[in-house]
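Okay, predicted coordinates and the sequence, questions at the end:
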Amino acid sequence: MNQPPKPRIKPWNDPRIRAWVAQILALVFVIWLAATLFSNTLQNMERRSIQTGFDFLSRTAGFGISFSLIPYSETDTYGRTFFVGLLNTILVSGLGIVTATILGFVAGIARLSSNWLVARIAEVYVEIFRNIPLLLQIFFWYFAVLQALPVPRQAFRIHDLFFLSKRGLNMPSPVAGPGMEWVTILFLVGLVATLLIGRWARKRREETGQGFPFWRTALGLVVVLPLALFALLGAPLSWDVPHLRGFNFVGGATLLPELVALWFALTIYTGTFIAEIVRSGIQAVSHGQTEAAAALGLKRGQVTRLVVLPQALRVIIPPLTSQYLNLTKNSSLATAIGYPDLVNVFMGTTLNQTGQAVEVVAMTMGVYLTLSLTISAVMNGYNRRVALKER
Amino acid sequence: MAETFVPLPSLPPPSGSVGVGAWLRTRLFNGPVNSILTLVCLWLVASVLIPLFDWGVIRGHFVGSDPQACRDGGACWLFIGARLRFFIYGFYPDGELWRVNVVLFTAVAVIVALAIPGTPGKRWIVPGAIVGMPILTIVFMHGGVFGMPVVATDQWSGLTLTLVLSIVGIVAALPMGIVLALGRRSKMTVIRLLCTMFIEVWRGVPLISVLFMASVMLPLFLPEGLQFSKVLRAMIGIVLFESAYMAEVVRGGLQAIPRGQTEAAAALGLGYWRTMALVVMPQALKLVIPGIVNTFIALFKDTTLVLIIGLFDVLATIHATIVDPDWPNIATEGYLFAAAVFWVFCFGMSRYSQALERKLHTGHKRN
């Protein structure tokens, strides 16, 4: 048998050689670009006598920050301003994610309601707020709504406990007395125990079919026992109620108007996108599933909880994750109204004072990048757990 | 004799299942829970709409130009009329406004031509607009040729700047996104890694930090003597950012094309570029038109962020005017007007994309 003659390919037509050449060219181009930018930057910085390196992080910042979750004063370092900003970003993103999820699920389910009026209201909400830029919504809540509120002396008040004014929302804050830490510990222990029992109960039900009064146990462990200890210790908790002194409130906790406006806008804007995701997720579960579940004798609540929701969540989770990421990144618009988030504090004031643009921008971008990659990794893990198991 | 069978006329539907009463019963008051919900919602809608209507229309002021007329607390729409020129053209010199109008009317004409089904020569309009619009925009807006005096980019502002940023962003981000998507699906490891890194980095950071980078770091990157104007820097930031999102949309379309298509093209002797250009891309892009339009909408809304780095887009002009001491308490009217402007553009685009989707999805539709 003679082999067919191997076709002779010219080297410049050989796809493998071509691929190598293309890749080497691309790499050379990228390295050249990076080197040029790097040397330009070094020259430019030298000419403008900008310092390099991360020494500035341990220098005294010397500017105040209106709101901080950790103790901070003007004598602290630039490094600490970074953490103040970061925590504020996490705070507003966390608050926004919780409320946007609730609003989005309510609106998404409402759009499928059999009640005509409820469905139309949800639709109008989604279509209006989805199509207006977030920055505009933040401005609206901050400048048109919250700045139009009365001064603290004429604040709206609820039973002299909550006060809503130009200065934000003032409310009572809890003050822990002696022994309160034990109640907290018992509550946390009860929570962990409940989770473990829930796991065990589900496993037992799947193996033996025996039920377990899970919700009653959970109620006892998480609510009743800590409450009992709380009463036993003589209710070691008091409330610090805000009261008017001079032109402002003292005592209690304050939600800054900037935080309220940002939180509102993020919730309402992201809620519209989540509503659309939820709606399409529920519609993706075919009607046959509901009918089959009903034919098996499941109750309406069970149909939703055991059949529709798990399948809908499978469709909902991936886009929901990217909405959470968007919300976190969008929280950086805080800088426009002066809420001291990472971008405002660090990429704003710190950058302006130190002039070290490269380091500051790189650190800020690094934070968001890490946050994005972490959240998407966690959600991908969850997604894998609920994904369709094909056997 | 063949007798034709004449059926009796059908009975009318039971009186309880037609008409307004039945509609109310089945859609609004079916069951106690829904009835309560309906009443609560009616109360909610009324308590929002009635004061709004009262403020905006009944007590609103529509004609005239005197701020004193608005002292009684009604909506002051005069303000919008008085400042409209600033909102649309910003700081563009008065004598040169016709140049902006030429660009805007051409853009409107192109959009109308695309929106009307059956416009002749549609397939030439799209590439023509993609190449022609930026050239037209730069020639007319910037000037310096044909005897038109130069208008520096820092005088571009108002709605004009918003539209210029979005048009340039859209036109540049789509081809870049296509190239990046192809790179991310390439078999060549180096190219794939570079494209993936580029896409993930821009998608992982907020646009505002990209704009900050473009405005403070870009001048450091450039060699001495080369200066980009602020508008151009913002444009570069927007294009880099949106092209990453566009790449992911296009990649979604590429993944949906079955491998048989590529194999068939290879069997016909087409090389990589011709396979992509003639077989895969047309199908993939058609599939993801809604995603592309959604990215356009996001880009259009995102252009408002340039006000944070000190550019004057339409939101910034409105934001700057509402502190005018001549017009007190005007914030709500100003923001509502801005919201209406953006809403009309975005809602229009999303409706157009839905219509397009229905038209193009003839093959796969299952109801």
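On my side now, so go ahead.

At which residues are the strands of the stretch 251-391 of chain A located?
With DSSP state E, counting those that start in this stretch as the criterion, the stretch 251-391 of chain A has strands at A:253-255.

Quick one: name the residues of the stretch 51-200 of chain A near chain B.
Residues of the stretch 51-200 of chain A lying close to chain B by CB under 8 Å from any CB of the partner chain are A:114-118, A:121, A:127-128, A:130-137, A:139-140, A:143-144, A:147-148. Heads up, the C-betas are built off the backbone N, CA and C, glycines and all.

go with 10 Å
A:110, A:113-122, A:124, A:127-137, A:139-145, A:147-148 (CB under 10 Å from any CB of the partner chain).

Any buried residues in whichever strand or helix holds B:V249, and which?
Using DSSP states H and E, the secondary-structure element containing B:V249 is helix B:230-256. Neighbour counts using 16 or more other CB atoms under 10 Å in any protein chain shown place B:230-231, B:233-251, B:253-254 of helix B:230-256 among the buried residues.

Show me which of the residues of the stretch 51-200 of chain A next to chain B are buried.
Those of these that meet the buried threshold are A:110, A:115-118, A:121-122, A:129-137, A:139-145, by 16+ other CB under 10 Å.

wait, what's in contact with residue 244?
This is for chain A. A:L244 makes contact with A:152-153, A:155, A:157, A:160, A:163, A:165, A:170, A:250 under the criterion CB atoms under 10 Å, 6 or more residues apart in numbering or on different chains.

hm, I was asking about chain B
Contacts for B:A244 (CB under 10 Å, 6+ apart) come out as B:173, B:176-177, B:180, B:195, B:198-205, B:210.

give me that answer again for 8 Å
For B:A244, the contact set (CB atoms under 8 Å, 6 or more residues apart in numbering or on different chains) comprises B:177, B:180, B:198-203.

distance of it from chain A?
Separation of B:A244 from chain A (CB to the nearest CB, to the nearest Å) stands at 12 Å.

Let me know the secondary structure of B:Q227.
On the three-state scheme (DSSP: H, G, I helix; E, B strand; the rest coil), B:Q227 is labelled coil.

If we ignore the residues flanking it in sequence, what's nearest it?
B:P219 (7.4 Å; CB to CB, 6 or more residues apart in numbering or on different chains).

The lengthiest helix in chain B and chain A, are they touching?
In chain B, taking DSSP state H as the definition, the longest helix is helix B:331-360. Yes - between helix B:331-360 and chain A, judged by CB under 8 Å from any CB, the touching residues are B:331-332, B:335, B:338-339, B:342-343, B:346-347, B:350.

Between which two of those residues is the distance greatest?
Maximum pairwise distance in the residues of helix B:331-360 next to chain A, criterion CB to CB, is 27.6 Å, between B:A331 and B:S350.

Those two: which has the busier surroundings?
The neighbour comparison of B:A331 against B:S350 (other CB atoms under 10 Å in any protein chain shown) goes to B:A331, with 21 against 18.

ok, and for the helix or strand where B:V190 lies, which residues are buried?
Assigned by DSSP H and E, B:V190 belongs to helix B:189-204. Judged by neighbour count using 16+ other CB under 10 Å, the buried positions of helix B:189-204 are B:190-191, B:193-195, B:198-200, B:202-204.

So which elements touch it?
On a contact count with 3 or more CB pairs under 8 Å, 6 or more residues apart in numbering or on different chains; DSSP states H and E, helix B:189-204 meets helix A:15-47, helix A:357-386, helix B:158-184, helix B:230-256.

and the second one, what other elements does it pack with?
On a contact count with 3+ CB pairs under 8 Å, 6+ apart, helix A:357-386 meets helix A:78-110, helix A:309-330, helix A:351-354, helix B:189-204, helix B:207-212.

and the angle for it with helix A:15-47?
Between helix A:357-386 and helix A:15-47, the angle comes out at 140 degrees (axes from the mean of the first three to the mean of the last three CA atoms, to 10 degrees).

Likewise for the third one?
Our comparison of helix B:158-184 with helix A:15-47, counting by the same axes, to 10 degrees, yields an angle of 140 degrees.

out of everything not next to it in sequence, what's closest to B:G56?
Nearest non-adjacent residue to B:G56, counting by CB to CB, 6+ apart: B:A75, 4.6 Å away.

and that neighbour, how many neighbours?
22.

Over to B:G291?
Other residues lying near B:G291 total 18 when counted by other CB under 10 Å.

Tell me how far it lies from A:R279.
18 Å (CB to CB, to the nearest Å).

Ok, A:T36 next?
For A:T36, the distance to A:R279 (CB to CB) stands at 49 Å.

Tell me the pLDDT of A:A387.
Predicted confidence (pLDDT) for A:A387: 64.

do the same with B:L232
Note for B:L232: predicted pLDDT of 86.

A:K6 now?
A:K6 carries a pLDDT value of 68.

what's the closest non-adjacent residue to A:Q323?
Residue nearest to A:Q323 in three dimensions, not counting chain neighbours: A:F273, with 5.2 Å by CB to CB, 6+ apart.

residues near that neighbour, how many?
A:F273 has 21 neighbours, counted by other CB under 10 Å.

ok, now the one 10 residues further on?
A:Q283 has 14 neighbouring residues, counting by other CB under 10 Å.

Next, find the distance separating the closest residue to it other than its chain neighbours from chain B.
Leaving aside its sequence neighbours, A:Q283 sits nearest to A:L112 (CB to CB, 6+ apart; 7.3 Å). Per CB to the nearest CB, A:L112 is found 14 Å from chain B.

Enumerate every residue touching A:L112.
By CB under 8 Å, 6+ apart, the residues touching A:L112 are A:119, A:279, A:282-283.

near chain A, which residues of the stretch 51-200 of chain B show up?
By CB under 8 Å from any CB, the residues of the stretch 51-200 of chain B that approach chain A are B:187-191, B:194, B:200.

could you redo the last one with a cut-off of 7 Å?
The stretch 51-200 of chain B comes close to chain A at residues B:188, B:190-191, B:194, as judged by CB under 7 Å from any CB of the partner chain.

Show me where chain B dips below the pLDDT cut-off.
Under the criterion pLDDT under 70, the flagged ranges of chain B are B:1, B:64-65, B:147, B:361-367.

coming back round to it: looking at the contacts of A:L112, which is nearest A:A362?
A:R279 (39.9 Å).

ok, back up a step: which one of the helices and strands packed on helix B:189-204 lies closest to A:R199?
Of all the helices and strands packed on helix B:189-204, it is helix A:357-386 that lies closest to A:R199, at 13.6 Å by CB to CB.

If you compare the directions of the closest one and helix A:309-330, what angle comes out?
180 degrees.

Can you report how many residues neighbour A:F249?
Around A:F249 there are 20 residues (other CB under 10 Å).

Show me what it bridges to in the sheet.
Beta-bridge pairing of A:F249 under DSSP bridges involves A:L244.

wait, doesn't it sit right on A:V151?
No - with contacts counted by CB atoms under 7 Å, A:F249 stays clear of A:V151, the gap being 11.2 Å.

quick revisit: out of the contacts of A:L244, which two sit at the greatest distance?
A:R157 and A:V250 (15.3 Å).

Can you tell me the closest non-neighbouring residue to A:L37?
Excluding its sequence neighbours, the residue lying closest to A:L37 (CB to CB, 6+ apart) is B:F221, at 4.6 Å.

and if you look at B:N30?
Closest residue to B:N30 apart from its sequence neighbours, by CB to CB, 6+ apart: A:S114 at 6.8 Å.

Check the secondary structure at that neighbour for me.
State at A:S114, reduced to three classes by three-state DSSP: coil.

So which other helices or strands are in contact with the helix or strand hosting B:W98?
In this structure, B:W98 sits in helix B:97-115 according to DSSP H and E. Helices and strands touching helix B:97-115, by 3 or more CB pairs under 7 Å, 6 or more residues apart in numbering or on different chains; DSSP states H and E, are helix B:122-137, helix B:158-184.

Quick check: which of the ones you listed has the most neighbours on average?
helix B:158-184 (a mean of 22; mean count of other CB atoms under 10 Å in any protein chain shown).
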